[in-house]
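S.K.: Here's a sequence, model it:
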Amino acid sequence: MDQNRGFREVAPPDEAEQHAQRSQLTMNKTGKRSYQRACKVALAKGAALYKGRLLTAQALGAHEGQFASPAKAERRSFQPTRQIHHKFDMEVLTWNAGSITSRVWNEILALLATTEYKNIKIAFLQESHWQQDQVYSSGPWSVLTCGSTSRDKAGLVVLVHSSLAPLSEIRSTSIVPGHLQHVMIPWQRSRIHLLNLYQHVWDSKLSKTENRGRRKDVMTQLENRIQRVPQRDFLLVAGDFNSHAVTERPHIGPSVPHRVRFANADVKTLPSLCKSCGLTALNTWASGHRSTYVNSDGTYSSQIDFLLVRLHDARRRSKEAYSDKNFPVAAYRDGSKHFPVRATLFIPPYSPTPSKPRPFDATALDASFRRKDDNWQAFSHRLTEAVVRTMQVRPSWQELDEVMVRVSAEHYPPPRKSQPAAGPIHQEYWKKVRQIQAHKRAGTEHNPECQKLVEDIKEEETRSVAPSAESQPKGSSR
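M.R.: Prediction:
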């Protein structure tokens, strides 16, 4: 069967070339597209149909590389490049170490000096098994410990980098020995409050009531301490809560285990704390890397370590907190283990709300200036002193304007608006209104006496409105 039936035979090369040349000379926009399409097909399959004739690539004048797409220039984004390490960005880490021996301690300090972990400025450590409260320096770190006489399942440590504040200005308080620690760091005209928590584990030797009682005591102390932190200061709560959480927006995000095999009875404790104190758990928003604990054989994992901040401090990047599954410290240990939680926080300096300038009596100031009286002389002397003193400390137009307004308000305060004296008619009217309100509070608004008061008020309102309506000239509208 003739496969080319319905088409003309393949044109000879010389005739095809002449045809291609004529076509290119008289080619319009549509023809150019059809010619290029035919060339591409001929290069791919050996021949292509063009203007009713089956032509080879050579006949069409097509050659390799003719239709190679040029390298596209890199498209510039008009979005501002996000600065990875802002001046007020700092990375934090919280980890249940499960006993900090001298070897583990040296590993922690060495790891924090590496390139991957060098941006960490604050580190929370739980279950150190240390017994004493200590404050000392170790290299670039200020070490603040919260010990407990019970070596097992207790002990807290906070590491603060010296770039934030010197050791002499950092304060540490042991609220619940070995389980709750409060550290305050001065920061840009405010403070950073760190609350390091290690919640009691469920002890099989104690009854359910005793277990819940001591866990509730720790959470009560934590909530009381959070409520005492000023709103102008930055608050960060971190640690091992030894309890799971359920999603409750905007406090607990969706990245939590949906089915927990051994979920304890106080699974609502963390959401309740966040709701009452206006907090959010940072490591419950990003997808993946949510488990922070795994048992010895790897068959069970859970999320019991959290980083909490106030809702208005939870930026989008802060909510990208994750558990570091490649944490190398004490990786040689067998048994169950915790993974540290890492997050990047933005802690800006405190900026108080600017107060409105006090108004002053401009008319009195102008009259005093024209008379050149004693008040004007005192005002001029006081203003000169204030301006000179301010310009020596903070030379700016904003400060100059603020000083001039303040001094003017001191010498020429605005006149107080006098309250018009109420006449006997107004006094009687409001007396009846108060009596009606008293009847309503007592539930006796249907009393004939109350109904009589209501009718009297309506009559007085009608009399007060009627004259004003009658005084309107005919044909006029309000």
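S.K.: so where is the stretch 1-150 of the chain shaky, pLDDT-wise?
M.R.: The model of the stretch 1-150 of the chain has pLDDT under 70 over residues 1-31, 66-85.
S.K.: the helices in it, which residues?
M.R.: Using DSSP state H, counting those that start in this stretch, the helices found in the stretch 1-150 of the chain span residues 13-25, 29-45, 57-60, 102-112.
S.K.: And the shortest one, what does it pack against?
M.R.: Okay, so that is helix 57-60. helix 13-25, helix 29-45, strand 47-50 (3 or more C-beta pairs under 8 Å, 6 or more residues apart in numbering; DSSP states H and E). Every residue, glycine included, has its C-beta placed from N, CA and C.
S.K.: List the buried residues for the shortest one?
M.R.: Within strand 47-50, the residues scored as buried using 16 or more other C-beta atoms under 10 Å are 47-48, 50.
S.K.: CSV please, covering those and showing distance to Lys205.
M.R.: Rendered in CSV, the data for these read as follows (distance: C-beta to C-beta, whole Å):
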residue, distance to Lys205
Ala47, 89
Ala48, 87
Tyr50, 91
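S.K.: of all the residues you listed, which comes closest to Glu210?
M.R.: Ala48 (87.7 Å; C-beta to C-beta).
S.K.: doesn't Cys39 make contact with that closest one?
M.R.: Yes. With contact defined as C-beta atoms under 8 Å, Ala48 counts as touching Cys39 (7.4 Å).
S.K.: Give me the common contacts of those two.
M.R.: Shared contacts of Ala48 and Cys39, defined by C-beta atoms under 8 Å, 6 or more residues apart in numbering, are found at 57, 60.
S.K.: give the contact list for Asn106.
M.R.: Per C-beta under 8 Å, 6+ apart, neighbours of Asn106: none.
S.K.: And it, how far from Thr115?
M.R.: Distance of Asn106 to Thr115, given as C-beta to C-beta, to the nearest Å: 18 Å.
S.K.: helix, strand or coil for Val237?
M.R.: Assigned by DSSP: H, G, I helix; E, B strand; the rest coil, the conformation of Val237 is strand.
S.K.: and it, how many neighbours does it have?
M.R.: Using other C-beta atoms under 10 Å, Val237 is surrounded by 26 other residues.
S.K.: Need the pLDDT of it.
M.R.: If you check Val237, the pLDDT there is 97.
S.K.: Once you drop chain neighbours, what's closest to it?
M.R.: Leu308 (3.9 Å; C-beta to C-beta, 6 or more residues apart in numbering).
S.K.: can you check Arg317 too?
M.R.: In space, and not counting its chain neighbours, Arg317 is closest to Thr344: 5.6 Å by C-beta to C-beta, 6+ apart.
S.K.: What strand or helix carries that neighbour?
M.R.: Assigned by DSSP states H and E, Thr344 falls within strand 341-346.
S.K.: Give the other helices and strands that that strand contacts.
M.R.: For strand 341-346, the packing partners by 3+ C-beta pairs under 8 Å, 6+ apart come out as strand 89-96, strand 305-310, strand 322-323.
S.K.: next SSE after the shortest one?
M.R.: It refers to strand 322-323. Scanning onward from strand 322-323 (DSSP H and E), the first element met is strand 337-338.
S.K.: which residues are in contact with that following strand?
M.R.: So strand 337-338 is in contact with 95-98, 240, 292-294, 305, 330, going by C-beta under 8 Å, 6+ apart.
S.K.: Could you list the domains of this protein?
M.R.: As given by automatic domain parsing, the domain ranges for the chain are 13-60, 89-346, 362-411, 424-459.
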